[in-house]
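# Any chance you can model this:
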Amino acid sequence: MPEVTVHDDIAAAPLRAFAATLDRDDPEPPRGTAVPPLAHWLYFLPVHRQSEIGPDGHPKRGGFLPDIPLPRRMWAGGRLEWQTANLLRVGDEARRTSRVASVVNKSGRSGELVFVTVVHEVHNAHGLVLTEEHDIVYRDAPRAGDAPAAPIAAPADAMWQREIVPDDVLLFRYSALTFNGHRIHYDRRYVTEVEGYPGLIVHGPLIATLLVDLLRREMPQARICKFDFKAIRPSFDGNVMRVCGKVESDTVSLWAQDHEGWLTMKATAQL
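Below is the predicted model of the structure:
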């Protein structure tokens, strides 16, 4: 598989905007400040020209990612491992190398599914910083009569929990931070009339970030060395969502649930 390498300077300004978006009162990040877990998603951003954008707001199909004709695509989950002796820091000159690791076709009750896994490696001047496996799912458009997947009840034994109302402003700000043009996160007419969802979809990476943010609030001295997450069910704007967690030895179980108590994402952080 071909590789793509993107270079970036790790600046402080995105981290200031990141903290504000998460409603954190973090100090100014001077040169040498470690980039918080999952905040590397603010860097190495795609900068496709406007003429290269497709009807869903993503870059047109083909190029680095395979040209899969299914109309709906979303971030399905991922697995990350940090080199805790070498963290990404403000002031670093860094690079990210990416390759498509696998393309898997499946059939579900809602039609055809294609799972694409992309592997990213981030390096700074001292070597490898983190490795990430990023799962993308492509799926059919909704069909009349399709039965929705059975929801899963969220765990009821949280040690920590925080309620958040993901409104359209929060979704817009996170889209802006990550230069994400996907219309399902800000274009209500498109997401309801074209893709058939009941509202704006909360970004999977934003939910994962809110789970890690919960851990950071509750255990500010903890160092995460591994993190994996899986999207279970979409979350939509305007409804209360809850991020939850509990400590289990040297790991922390984290999950998100919607206003009806259904599990929307599950994750594990290894400390």
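
# only C-alpha atoms for contact and neighbour calcs from this point on.
Will do.

# the strands in the stretch 151-271 of the chain, which residues?
Using DSSP state E, counting those that start in this stretch, the strands found in the stretch 151-271 of the chain span residues 160-164, 226-231, 241-248, 251-257, 263-270.

# Pull up the pairing partners for the second one, direction included.
What it means is strand 226-231. strand 72-82 (antiparallel), strand 263-270 (antiparallel) (DSSP bridges).

# which of the ones you listed sits most buried?
strand 263-270 (a mean of 22; mean count of other Cα atoms under 10 Å).

# got the CA coordinates for that one in CSV?
Provided in CSV are the C-alpha atoms of strand 263-270 (Å, rounded to 0.1, in the frame of the first residue of the first chain):
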residue,chain,number,x,y,z
LEU,A,263,-24.4,3.1,24.9
THR,A,264,-23.0,5.2,22.1
MET,A,265,-19.2,4.6,22.5
LYS,A,266,-17.0,2.4,24.6
ALA,A,267,-13.3,2.8,25.3
THR,A,268,-10.4,1.6,27.4
ALA,A,269,-7.4,3.7,28.6
GLN,A,270,-4.3,1.9,29.8
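
# for the protein, longest helix please?
Across the chain, the longest stretch assigned as helix under DSSP state H is helix 204-218.

# pLDDT below threshold where in the stretch 101-250 of the chain?
For the stretch 101-250 of the chain, residues meeting the criterion pLDDT under 70 lie at 108-110, 142-148.

# neighbouring contacts of the longest helix of the chain?
Under the criterion Cα atoms under 8 Å, 6 or more residues apart in numbering, residues 22, 37-39, 74-77, 160-162, 174, 222, 229, 231, 243-245, 254-256, 265, 267 lie in contact with helix 204-218.

# Just the buried ones from the residues you listed?
37-39, 74-77, 161, 174, 229, 231, 243-245, 254-256, 265, 267 (16 or more other Cα atoms under 10 Å).

# A94: which element?
strand 93-108 (DSSP states H and E).

# Name the strands paired with that strand and say parallel or antiparallel.
Short version: by DSSP bridges, strand 93-108 pairs with strand 3-9 (antiparallel), strand 111-124 (antiparallel).

# pull the CA atoms of the longest one into CSV?
This points to strand 111-124. Taking Å, rounded to 0.1, in the frame of the first residue of the first chain, the C-alpha atoms of strand 111-124 are listed here in CSV:
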residue,chain,number,x,y,z
GLY,A,111,-26.9,-3.5,3.9
GLU,A,112,-23.4,-3.6,2.7
LEU,A,113,-20.6,-2.3,5.0
VAL,A,114,-16.9,-1.7,4.2
PHE,A,115,-14.4,-1.2,7.0
VAL,A,116,-11.1,0.6,6.1
THR,A,117,-8.3,0.7,8.6
VAL,A,118,-5.6,3.3,8.2
VAL,A,119,-2.3,3.2,10.2
HIS,A,120,-0.7,6.4,11.2
GLU,A,121,2.8,6.9,12.8
VAL,A,122,3.8,10.2,14.3
HIS,A,123,7.4,11.1,14.7
ASN,A,124,9.3,14.1,16.0
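
# Thanks a lot, catch you later.
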